[in-house]
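Trainee: sequence unknown, structure follows:
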């Protein structure tokens, strides 16, 4: 556990200063998240020229670098259809 000790000069300004040890910890860069928001769109409705249903979900870019395909419900066709990941615009 890191103990924070206020310095004399910072107390005069009304805010405690962090010790050099804790300052180094707070400067560390954060890693960019591996999870991405993706949109899944119905493939069968697009072929028939009807309204395509869309779902949003997340995927881990390290575990699944390829595009996602899932069977999801299309409320316009009233059945489960294949949904594929589409590009964001």
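Mentor: Alright, I've got the coordinates. Remember, it's a predicted structure, so these values are computed and weren't measured experimentally. Numbering: from 1, shown residues only.

Trainee: so which residues of this protein form strands?
Mentor: Taking DSSP state E, the strands of the chain run over residues 35-42, 54-60, 69-74, 79-86.

Trainee: make TSV from those strands and add mean pLDDT to it.
Mentor: As requested, the strands of the chain are arranged in TSV below (pLDDT from 0 to 100):
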stretch	mean pLDDT
strand 35-42	94
strand 54-60	94
strand 69-74	96
strand 79-86	95
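
Trainee: same list (these) but as TSV, adding mean neighbour count.
Mentor: For glycine as for every other residue, the C-beta is placed from the backbone atoms N, C-alpha and C. Listed next are the strands of the chain as TSV, based on neighbours: other C-beta atoms under 10 Å:
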stretch	mean neighbour count
strand 35-42	16
strand 54-60	13
strand 69-74	14
strand 79-86	16
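
Trainee: Throw those strands into JSON lines and include distance to residue 48, thanks.
Mentor: As requested, the strands of the chain are exported to JSON lines (distance: least, C-beta to C-beta, whole Å):
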{"stretch": "strand 35-42", "distance to residue 48": "10"}
{"stretch": "strand 54-60", "distance to residue 48": "16"}
{"stretch": "strand 69-74", "distance to residue 48": "10"}
{"stretch": "strand 79-86", "distance to residue 48": "10"}
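
Trainee: count of neighbours near the nearest residue to residue 45 once chain neighbours are set aside?
Mentor: Take residue 45 and drop its neighbours on the chain: the residue closest to it by C-beta to C-beta, 6 or more residues apart in numbering is residue 52, 4.2 Å away. Counted with other C-beta atoms under 10 Å, residues neighbouring residue 52 total 19.

Trainee: contacts only, for residue 52.
Mentor: 41, 42, 45, 46, 74, 76 (C-beta atoms under 8 Å, 6 or more residues apart in numbering).

Trainee: fine by me, we can end here.
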